[in-house]
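>>> Mind folding the following:
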Amino acid sequence: MKNFKAGQYQNQGSYKSFQPNFINRQWFLEDMDIIMLLSKASMELGKLDMYSEHVPDIDLFISMHVRKEASQSSKIEGTQTNIEDVILDVEDVSADKKDDWEEVHNYIDAMNESIEQLKTLPFSIRLIKQAHKRLLQGVRGKNKLPGEFRSSQNWIGGVSINDAVFVPPIQATVQELMGDLEKFVHNEEFQFPELLKIALVHYQFETIHPFLDGNGRVGRLLIVLYLVEKKMLKNPILYLSDFFERNRQLYYDNLMNVRTKNDIKQWFKFFLTGIIETAQNGVKTFDAVLKLKQDTEIKIQTNHARSRHLLKIMEYLYKEPIIKPHTVVEITKVSIPTAYTLLDEMEKMGILKGVKMAKTGKKGNIGKMYVFQEYIKLF
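A predicted model of the protein is given here:
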């Protein structure tokens with residue numbers, strides 16, 4: 001990486017765009033700091049992957065991880081939705097948060113659909129375009145060519161292209177650059193560690209900025225898709241958006257320094273540090289969830305005659321940590337008065353917290369929902 005050159009600025013008249021060099025070539029790794037970080041990142045990722053195999057009902061935990069990823073990745077782009085809002089049904093979301101809620105749920109759908117598509121479709125331009133199309137469906141950005149590469153110049157920061165922080169390559173070169181990126185992903189002739197490959201792919205994608213809108217969210221989504229496709233993770237359980245959000249300025253600075261200073265080493269170090277921290281936090285979260293699950297089950301079984309119904313409610317809560325009385329009726333087959341009784345008793349036991357909902361329905365009735373707060377806090 002000694003002679004790494006990210007690309008060059010090109011004069012476009014009133015502004016300069018950045019034209020990145022192709023990445024589908026032989027790479028040489030000599031920096032010992034990066035090699036050491038790479039070793040640790042691979043080890044921590046392996047621990048997390050192994051741990052996930054022994055967690056019962058892993059899909060329940062994945063659904064919460066995806067919600068957290070969606071809220072954090074969207075937050076980087078300016079939405080105000082947090083994980084508590086994401087869990088709500090759309091009718092329970094306040095009017096001023098509905099647009100943000102829909103954008104975050106589009107991200108969740110794009111993630112889930114892309115993971116499913118990986119079973120039959122490789123990591124590719126086609127997969128990326130399909131994810132982008134789903135991301136922008138029916139929300140802000142729906143008129144900005146969902147699922148299609150841009151046909152005009154875009155820019156990052158500034159009120160106009162003339163005072164932009166960064167101007168990506170001109171639109172005529174996007175298809176060729178993305179084609180090079182796709183070839184790099186699948187190139188087995190030139191060996192390069194997978195974690196550094198996806199770090200480079202993420203940087204290159206953000207630099208190309210191939211879409212008119214949604215580039216940041218798609219670029220972060222690509223990280224977990226790559227790790228799953230390359231079988232570095234059996235389950236989609238590692239998401240870097242929380243790390244990027246907590247270190248947002250460093251994230252932007254490190255990406256920019258690759259372009260302006262050819263400093264790919266610092267970007268690799270930052271990315272690998274994110275893998276290490278996120279994998280370690282993932283194991284801690286799994287541990288905390290399993291302990292909470294065990295403690296809650298003991299509390300229910302030793303203190304309640306109707307433990308069978310309560311345990312069934314708990315099964316639901318690990319996937320949907322907010323519940324309403326009519327849902328209890330559906331999953332336990334008890335009457336509505338009994339459903340209220342069960343939920344009130346779970347509140348008295350300190351498992352749930354009752355919260356008044358916003359006015360809903362034609363008559364503006366105010367209902368009540370119950371929140372599994374201790375579980376949500378873990379994420």
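>>> So which residue is dead centre in the protein?
The centroid of the chain falls nearest to Glu69 when counting by Cα atoms, centre = their mean (3.1 Å).
>>> Contacts only, for that residue.
The contact partners of Glu69, by Cβ atoms under 8 Å, 6 or more residues apart in numbering, come to 107, 111, 220, 224, 239, 241-242. Backbone N, C-alpha and C define where each C-beta goes, glycine included.
>>> please redo it, this time with the cut-off set to 7 Å
Contact analysis of Glu69 by Cβ atoms under 7 Å, 6 or more residues apart in numbering lists 239, 241.
>>> so which helix or strand takes in it?
Assigned by DSSP states H and E, Glu69 belongs to helix 58-76.
>>> Return the distance of that helix from the chain's centre.
On the basis of Cα atoms, centre = their mean, to the nearest Å, helix 58-76 sits 6 Å off its chain's mean C-alpha point.
>>> So which helix or strand of this structure has the lowest pLDDT on average?
Ranked by mean pLDDT, DSSP states H and E, the helix or strand of the chain with the weakest confidence is strand 353-360, at a mean of 73.
>>> Pull the distance from the helix or strand just after it to the chain's centre.
Sequence order places strand 365-371 as the next helix or strand after strand 353-360, per DSSP H and E. Distance, stretch centre to chain centre, for strand 365-371: 29 Å (Cα atoms, centre = their mean).
>>> isn't there a strand covering Gln10?
Yes: per DSSP: H, G, I helix; E, B strand; the rest coil, Gln10 lies within a strand segment.
>>> quick one: contacts for it?
Taking Cβ under 7 Å, 6+ apart, one finds 16-17, 19 in contact with Gln10.
>>> what sits opposite it in the beta ladder?
Ser17 (DSSP bridges).
>>> how close does it sit to Asn262?
Distance of Gln10 to Asn262, given as Cβ to Cβ, to the nearest Å: 16 Å.
>>> on that earlier part again, okay, the residue nearest to the centre of the chain and Asn3: tell me how far apart.
36 Å.
>>> same check, this time on Ser39
Relative to Asn3, Ser39 is positioned 24 Å away (Cβ to Cβ).
>>> higher neighbour count, these two?
Comparing Ser39 with Asn3 by other Cβ atoms under 10 Å, the one with more neighbours is Ser39, at 12 against 6.
>>> Tell me the pLDDT of that one.
pLDDT for Ser39: 97.
>>> where does the residue lying closest to Met346 once chain neighbours are set aside land on pLDDT?
Spatial nearest neighbour of Met346, excluding adjacent residues (Cβ to Cβ, 6 or more residues apart in numbering): Leu352 at 4.5 Å. pLDDT for Leu352: 95.
>>> what's around Leu352, how many residues?
Leu352: 26 neighbours (other Cβ under 10 Å).
>>> Run through the bridge partners of Phe166.
Bridge pairing for Phe166 - DSSP bridges - gives Ile156.
>>> What are the neighbouring residues in contact with it?
Shown in contact with Phe166 (Cβ under 7 Å, 6+ apart): 18, 155-157, 256.
>>> so which one among those has the lowest pLDDT?
Gly157 (89).
>>> Before I go, just wanted to say thanks for your time.
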